[in-house]
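*Asks:* The following block contains a protein sequence and its predicted model.
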Amino acid sequence: MAADSEPESEVFEITDFTTASEWERFISKVEEVLNDWKLIGNSLGKPLEKGIFTSGTWEEKSDEIFFADFKFSVTHHYLVQESTDKEGKDELLEDVIPQSMQDLLCMNNDFPPRAHCLVRWYGLREFVVIAPAAHSDAVLSESKCNLLLSSVSIALGNTGCQVPLFVQIHHKWRRMYVGECQGPGVRTDFEMVHLRKVPNQYTHLSGLLDIFKSKIGCPLTPLPPVSIAIRFTYVLQDWQQYFWPQQPPDIDALVGGEVGGLEFGKLPFGACEDPISELHLATTWPHLTEGIIVDNDVYSDLDPIQAPHWSVRVRKAENPQCLLGDFVTEFFKICRRKESTDEILGRSAFEEEGKETADITHALSKLTEPASVPIHKLSVSNMVHTAKKKIRKHRGVEESPLNNDVLNTILLFLFPDAVSEKPLDVTTSTDNNYPPSESEDYNLYNQFKSAPSDSLTYKLALCLCMINFYHGGLKGVAHLWQEFVLEMRFRWENNFLIPGLASGPPDLRCCLLHQKLQMLNCCIERKKARDEGKKTSASDNVTNIYPGDAGKAGDHLGPDDLKETDKDKGEVGKSWDSWSDSEEEFFECLSDTEELKGNGQESGKKGGPKEMANLRPEGRLYQHGKLTLLHNGEPLYIPVTQEPAPMTEDLLEEQSEVLAKLGTSAEGAHLRARMQSACLLSDMESFKAANPGCSLEDFVRWYSPRDYVEEEVIDEKGNVVLKGELSARMKIPSNMWVEAWETAKPVPARRQRRLFDDTREAEKVLHYLAIQKPADLARHLLPSVIHAAVLKVKEEESLENISSVKKIIKQIISHSSKVLHFPNPEDKKLEEIIHQITNVEALIARARSLKAKFGTEKCEQEEEKEDLERFVSCLLEQPEVLVTGAGRGHAGRIIHKLFVNAQRAAAMTPPEEESQRMGSPEERRQNSVSDFPPPAGREFILRTTVPRPAPYSKALPQRMYSVLTKEDFRLAGAFSSDTSFF
């Protein structure tokens, strides 16, 4: 028993050969991907149209698979085409060769200018590539290459896929592929050779034909003819007599203002270097057969002048330096600086700071004791240079970032009114404005939130841009800004309006800096009107200020009333013309709040209209045409009212925040309503003063007619009469209108507390300007600089008329309006806009470069000129352009001449020989070889259809592509064989 049990105790190790290996798993994954992408079976498409590889749409799908732990990416590249009809598919024969094999012989798309390398080498419309996923990974060993190729072959056989499948081997920069395509009883092997140096025996067509024939190994004695397509590419790098037309800026002449586009107020434009670096001429012989031409190591028939097809492409200089782009970029860099003006210029610039502060503290006293401005202070030297003298009193001129001449030029450009030696009128601000244009370009500031192109803000942005680029950089910017701020204070203190700003309240469509300057102008205007009002009232010459309005009001008033009205109008005008100089009345104005609480409420309690009717009317502007007072039938007079306080967007935001913080409680809502009704209360007081005995209904009929509802009713006598009453919202208890009316007392506008304190607001604006760092200033003005750059690009494009550039400019405007319309745009988005502008500038510069090289302006015949201009525009927009007439066409002759000149310069040939060289056709033919340099690249495509491997095999397409350059030799062969009859 023991002996019998011994064999049972032994353990046998069994190997399970049914378990899939890593290799089998890999093949299975490849098959799975091919099935998922539905690449199974034969799918014949339409014959390829000419140029479809370039004009058509290419798409790709990708997936990842693993061979053990090595990751591969599988990519399907295919040309998008319309699907063929089902009926056509049914008629297809089962043994038809795959689509890719048919494409090997197609001659419509040889040498596509822009395509995948496998498309150029093999003419395929669809293929799959398996490549190492990581860029650094590579399949280097021969055994691994063969293993992958075997995997591909098995996967194709198992799935019945007829799409070529390639494997990328060696390092990726070598672009080495091997692959296979299988069909019913046929197979094509894709093979490749890549060398650094061209073997001597294969530098010409005869040597390549020998390789092709030996590789085919055709058993037939009379070999079928080989079809040949050849392309030679010549590169022109030396433009010789075509100097780049962009002249460097004459910086020394900048002060004089005559610098050809670089004077202040204009931005420069153009590339500093030639944006076209090379011209590539491709000469093509598309349909040749063996025996027609000779090309060996001794002689060649391939003369580029005789080539039937010429095509040209231009190589653009990478990121050419462009003046406009550099200007805007350098200005944008200021936005990232952190230094303040003090830190940049040093404290010595502010040694008079204490004195300036002392002047600010006495600003209010200037309202009560205005000093007349001597005429001599309005001269050029005082007007423009006072600020400069203040800042430079303790600093040498040589230390200043800006020299006197440049600074004077800028200040006179910004403030042209300073040239005048005469006192300035109120109309100065409008005289310097250009008439508002309705054009799209002028209104761009609405979209960009910048400033109108004829405004001071816009000019300041351009000047700072110029200073930053040419004169002192950041220090120059800080210096000019400080001079500008001092000029603003000088104008405020001396009642000089700021030129280049539209009159009226701040335009909220513009940038904040522009609004601040408009606000300061409003303050100057009101202060000036008030000061002039004091002088005229002191000399009792009030009635002559507004003579135009006297006649208008005189139709309705008596002599006494007319005098009073004219006086009131003269006193107020737009605002506060004649505050009394007496201390009592001035004090009274400041104590209006107490009076409102007391007298106004008492008069309301005592019966209001009846007692108020005894008051003398004050502050009438003119009589309303139709309305009369309801209680006493007196005519209703429109009062002189205070203008509402102008607001900039930051003040509006502050106000809205304060109102929002009051909350939603009843008390908060009441307080909010009172704050918002300050202007309403002022108008009610003016109305009461102008119309003694009036009621709230009278005020509402003038101020808000929709809140006074009139109905036709029949009275006791049967007559139809109009009966009116306040609207429902006016009858709500504790209505703000009713409360304000009861609180208001009859006080004319000139004696009310000012709604707009111009002194305080002006000091706030001046302080705001003074504390701006150069970075803040650049942020404020960048929209204006971008606005100016876009206008400059549009102006330059209009001279060239390039349709593609027009579309890009529209995109830039659309993009910029979205980015700039919101506060604090992101730096990245701003950089994108500047980059787009630079690209357009380079595009226009390329157009000008090509026009100069091809001499479009020199063409005398209109037809030739149009052809050349069309040719140049195509060169800009298309990857490759066919030259009509090849070397014999107008463009071809110009290109030939360019190469001849470059060759002559390279060989140091005297210019006199040019006429002889270009003289007779015989001489030109003899010298034609030297007219062109050796070709930079030579491409050959050899095709034929022969039976392989046996004489009785099916005749199948064979193709070999070769490219020869100075440092590269590549053969890409597709050799088909019959797998049924071999």
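*Replies:* That came through, no problem.
*Asks:* Would you mind giving the secondary structure of the residue nearest to G472 when sequence neighbours are not counted?
*Replies:* Take G472 and drop its neighbours on the chain: the residue closest to it by C-beta to C-beta, 6 or more residues apart in numbering is P401, 3.7 Å away. The C-beta positions use only the backbone N, C-alpha and C, and glycine is treated the same way. With DSSP: H, G, I helix; E, B strand; the rest coil as the basis, P401 sits in coil.
*Asks:* Let me see the contact set for P401.
*Replies:* Residues near P401 by C-beta atoms under 8 Å, 6 or more residues apart in numbering: 345, 471-472, 475-476, 478-479.
*Asks:* Most neighbours of all those residues, which one?
*Replies:* Among the contacts of P401, A478 has the most neighbours (other C-beta atoms under 10 Å), with 28 neighbours.
*Asks:* you'd agree that residue is in a helix?
*Replies:* Yes: when three-state DSSP is applied, A478 is found to be in a helix.
*Asks:* Not counting sequence-adjacent ones, nearest residue to it?
*Replies:* I344 (4.2 Å).
*Asks:* returning to that earlier point: could you check the pLDDT of the residue nearest to G472?
*Replies:* As predicted, P401 sits at a pLDDT of 75.
*Asks:* Could you check how far it is from D137?
*Replies:* 57 Å (C-beta to C-beta, to the nearest Å).
*Asks:* can I assume Q836 is in contact with H815?
*Replies:* Yes: when contacts are counted by C-beta atoms under 8 Å, Q836 is listed as touching H815 (7.1 Å).
*Asks:* who has more neighbours, the two?
*Replies:* Between Q836 and H815, counted using other C-beta under 10 Å, Q836 has the larger neighbour count: 19 against 14.
*Asks:* and that one, what does it touch?
*Replies:* 808, 811-812, 815.
*Asks:* If we use 6 Å, what do you get?
*Replies:* Applying C-beta atoms under 6 Å, 6 or more residues apart in numbering, one finds that Q836 lies in contact with I812.
*Asks:* With K172 instead?
*Replies:* Taking C-beta under 6 Å, 6+ apart, one finds nothing in contact with K172.
*Asks:* returning to what we had before: distance from the chain centre to the helix or strand hosting the residue nearest to A478, please.
*Replies:* In this assignment (DSSP states H and E), I344 forms part of helix 341-345. Its chain's C-alpha centre lies 32 Å from the corresponding centre of helix 341-345 when counted by C-alpha atoms, centre = their mean, to the nearest Å.
*Asks:* which regions of the stretch 801-950 of the chain lie under the pLDDT threshold?
*Replies:* By pLDDT under 70, the weakly predicted segments of the stretch 801-950 of the chain are 908-930.
*Asks:* how about a cut-off of 80?
*Replies:* Within the stretch 801-950 of the chain, the set of residues satisfying pLDDT under 80 comprises 822-823, 856-862, 905-930.
*Asks:* Show me where it has its helices.
*Replies:* Assigned by DSSP state H, counting those that start in this stretch, the helices in the stretch 801-950 of the chain fall at 803-820, 827-854, 862-877, 890-907, 913-917, 921-931.
*Asks:* Give me the helices and strands touching the third one, please.
*Replies:* Right, the one you point to is helix 862-877. helix 827-854 (3 or more C-beta pairs under 6 Å, 6 or more residues apart in numbering; DSSP states H and E).
*Asks:* and if you look at the fourth one?
*Replies:* Judged by 3+ C-beta pairs under 6 Å, 6+ apart, the packing partners of helix 890-907 are strand 227-236.
*Asks:* Run the angle between the strand it packs on and helix 827-854 for me.
*Replies:* 100 degrees (axes from the mean of the first three to the mean of the last three C-alpha atoms, to 10 degrees).
*Asks:* Okay, now the sheet partners of strand 227-236, with direction.
*Replies:* Sheet pairing of strand 227-236 (DSSP bridges) gives strand 276-289 (antiparallel), strand 937-947 (antiparallel).
*Asks:* Let me know which of these is the nearest to R751.
*Replies:* strand 276-289 (74.7 Å; C-beta to C-beta).
*Asks:* If we go by neighbour counts, what in that closest one is buried?
*Replies:* With burial defined by 16 or more other C-beta atoms under 10 Å, the residues of strand 276-289 counted as buried are 276, 279-286, 288.
*Asks:* can these go into JSON lines with extra columns for distance to G973?
*Replies:* Listed next are the buried residues of strand 276-289 as JSON lines, based on distance: C-beta to C-beta, whole Å:
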{"residue": "I276", "distance to G973": "37"}
{"residue": "L279", "distance to G973": "32"}
{"residue": "H280", "distance to G973": "26"}
{"residue": "L281", "distance to G973": "28"}
{"residue": "A282", "distance to G973": "23"}
{"residue": "T283", "distance to G973": "24"}
{"residue": "T284", "distance to G973": "21"}
{"residue": "W285", "distance to G973": "21"}
{"residue": "P286", "distance to G973": "20"}
{"residue": "L288", "distance to G973": "19"}
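*Asks:* now, which of those sits nearest T856?
*Replies:* Closest to T856, out of all of the buried residues of strand 276-289 and judged by C-beta to C-beta, is I276, at 14.3 Å.
*Asks:* how far away is I895 from A852?
*Replies:* For I895, the distance to A852 - C-beta to C-beta - is 14 Å.
*Asks:* and the two? which has more neighbours close in?
*Replies:* Using other C-beta under 10 Å as the criterion, I895 and A852 rank with I895 on top: 22 against 18.
*Asks:* still on that earlier bit, turn the strands paired with strand 227-236 into JSON lines, including distance to K626.
*Replies:* Compiled in JSON lines, these are given as follows (distance: least, C-beta to C-beta, whole Å):
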{"stretch": "strand 276-289", "distance to K626": "75"}
{"stretch": "strand 937-947", "distance to K626": "91"}
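*Asks:* Nearest approach to K213 belongs to which of those?
*Replies:* strand 937-947 (8.9 Å).
*Asks:* Can you show me the CA trace of that closest one as PDB?
*Replies:* Provided in PDB are the C-alpha atoms of strand 937-947 (Å, rounded to 0.1, in the frame of the first residue of the first chain):
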ATOM      1  CA  GLY A 937      15.000  70.900 -51.100                       C
ATOM      2  CA  ARG A 938      14.300  68.400 -53.800                       C
ATOM      3  CA  GLU A 939      11.300  66.100 -53.700                       C
ATOM      4  CA  PHE A 940      10.500  63.200 -56.000                       C
ATOM      5  CA  ILE A 941       7.400  61.000 -56.200                       C
ATOM      6  CA  LEU A 942       7.800  57.800 -58.200                       C
ATOM      7  CA  ARG A 943       4.700  55.700 -59.000                       C
ATOM      8  CA  THR A 944       3.900  52.600 -61.000                       C
ATOM      9  CA  THR A 945       1.500  49.600 -61.100                       C
ATOM     10  CA  VAL A 946       3.200  46.200 -61.400                       C
ATOM     11  CA  PRO A 947       2.400  42.600 -60.300                       C
END
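*Asks:* For that strand, which outside residues touch it?
*Replies:* Contacts for strand 937-947 (C-beta under 6 Å, 6+ apart): 105, 110, 208, 212, 216, 218, 224, 226-233, 953, 955, 957-965.
*Asks:* Tell me which helix or strand comes right after that strand.
*Replies:* Following strand 937-947 toward the C-terminus (DSSP H and E): strand 955-965.
*Asks:* what about the residue nearest to A478, distance to L462?
*Replies:* 21 Å.
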